[in-house]
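Q: any chance you can model this:
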Amino acid sequence: MALYIGVMSGTSLDGLDIALIEQNTAIKLIATHYIPMPESLRTELLGLCASGPDEIARAAITQQHWVKLAAQGIHALLEQQKLKPQDIRAIGSHGQTIRHEPARGFTVQIGNPALLTELTGITVVSDFRSRDVAAGGQGAPLVPAFHEALFGEHTGNRAVLNVGGFSNLSLIEADKPVAGFDCGPGNVLLDAWIHQQRGENFDRSGQWAASGQVEPVLLKALLSDPFFLAQGPKSTGREVFNLGWLEHHLGRLPAFAAQDVQATLLELTAQTIVESLQTAQSRTETLLVCGGGAHNATLMSRLATLLPTTHVSSTALYGVDPDWVEAMAFAWLAHCCLEGIAANRPSVTGARGLRILGAIYPA
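A: Presented below is the predicted three-dimensional model:
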């Protein structure tokens, strides 16, 4: 039996998810801990997603705040479980993505793993994306291999959909290598628009979107982005889809009611997921949803409507809480790195071959 901790803070920047797993013949979630992202840290991280003054120093300082928050959460989890640092084989820390541009040969996650090792006394594995990018891959999504390990024994064609800031699919079929790719915006535009218009960080259950009407002209304009026309392997981030991107499209069209823009953004998320799934795996029997989007009742209902022959459910159907799948994945990726197991999938990222992912910072 080996215990691993996974730390994940995604593009939604709502907080840090920390998961403790037991890695044996199967992957078992033991315990979890969540720390909300302080607004000041969230603002600093968002600011680093675009070029700005003195950004190297700002990034170096900001990642120290991020690591101290992560270490605080890890110690709280250990105390809760009555565990000592030496009981944990490794921490898999994704860090915080501030730039992701594989077409230009780089991806940047900040999270100072050396400092995290010092503050916890536990070996840290991090920088999971860079090796895949170096091998010509997208470096993302990384979770399909984990989804295959977690859900691959079930029969029938199935897909796992993660809806965080961005949405990505893992396609699992018997006797085929797992496939997957980013579909496009998940919550990132929904969150940005409601924050600008109403000062709220997210649209709870999609209620505000449900109060509006989809604007077909706006939806058509948004769907014209070249990213949606490209086939996988592909990945994306805030470099492409952000509030400026939305405002660019809005500025070329008549004014719309704010809630109608929100409704259209939710439809954009739903349609790009469904079109991606139907193109890549037309006979999907089960779609398992994880990430924050699994709690958006309006989105889940829309997905079910657009996929009448597919059973749409959260990953809870298979006994895995949708909030913790990604944090579990990075704990598992740490295990793979230490065991010398290749954890990328060329069928997903387009890399030249299988690679062992991660850099190790021994305790």
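Q: need the strands for the stretch 251-363 of the chain, in chain order.
A: Ranges of strands within the stretch 251-363 of the chain are 286-290, 311-314, 359-361, based on DSSP state E, counting those that start in this stretch.
Q: the ones you listed into CSV, with extra columns for distance to H335 and mean pLDDT?
A: C-beta coordinates here come from the backbone N, C-alpha and C atoms, glycine included. Listed next are the strands of the stretch 251-363 of the chain as CSV, based on distance: least, CB to CB, whole Å; pLDDT from 0 to 100:
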stretch, distance to H335, mean pLDDT
strand 286-290, 19, 96
strand 311-314, 25, 96
strand 359-361, 12, 98
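Q: winner for burial among the ones you listed?
A: strand 286-290 (a mean of 24; mean count of other CB atoms under 10 Å).
Q: for it, name the packing helices and strands.
A: Strand 286-290 makes packing contacts with strand 158-163, helix 297-306, strand 311-314 when contacts are defined by 3 or more CB pairs under 8 Å, 6 or more residues apart in numbering; DSSP states H and E.
Q: let's see it at 6 Å
A: strand 158-163, strand 311-314 (3 or more CB pairs under 6 Å, 6 or more residues apart in numbering; DSSP states H and E).
Q: can you list those in JSON lines and add distance to T286?
A: What follows is the helices and strands packed on strand 286-290, written out as JSON lines (distance: least, CB to CB, whole Å):
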{"stretch": "strand 158-163", "distance to T286": "4"}
{"stretch": "strand 311-314", "distance to T286": "5"}
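Q: G291: which of those is closest?
A: strand 158-163 (4.5 Å; CB to CB).
Q: just the C-alpha atoms of the helix or strand following the closest one, please, in PDB.
A: Counting by DSSP states H and E, the next helix or strand C-terminal to strand 158-163 is strand 166-172. The C-alpha trace of strand 166-172 is given here as PDB (Å, rounded to 0.1, in the frame of the first residue of the first chain):
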ATOM      1  CA  PHE A 166     -12.100  24.500 -19.800                       C
ATOM      2  CA  SER A 167     -13.800  21.300 -20.900                       C
ATOM      3  CA  ASN A 168     -12.000  18.200 -22.000                       C
ATOM      4  CA  LEU A 169     -13.000  14.700 -23.000                       C
ATOM      5  CA  SER A 170     -11.500  11.300 -22.400                       C
ATOM      6  CA  LEU A 171     -12.900   8.600 -24.800                       C
ATOM      7  CA  ILE A 172     -12.700   5.000 -23.600                       C
END
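Q: parallel or antiparallel, list what pairs with strand 166-172.
A: strand 158-163 (antiparallel), strand 179-185 (antiparallel) (DSSP bridges).
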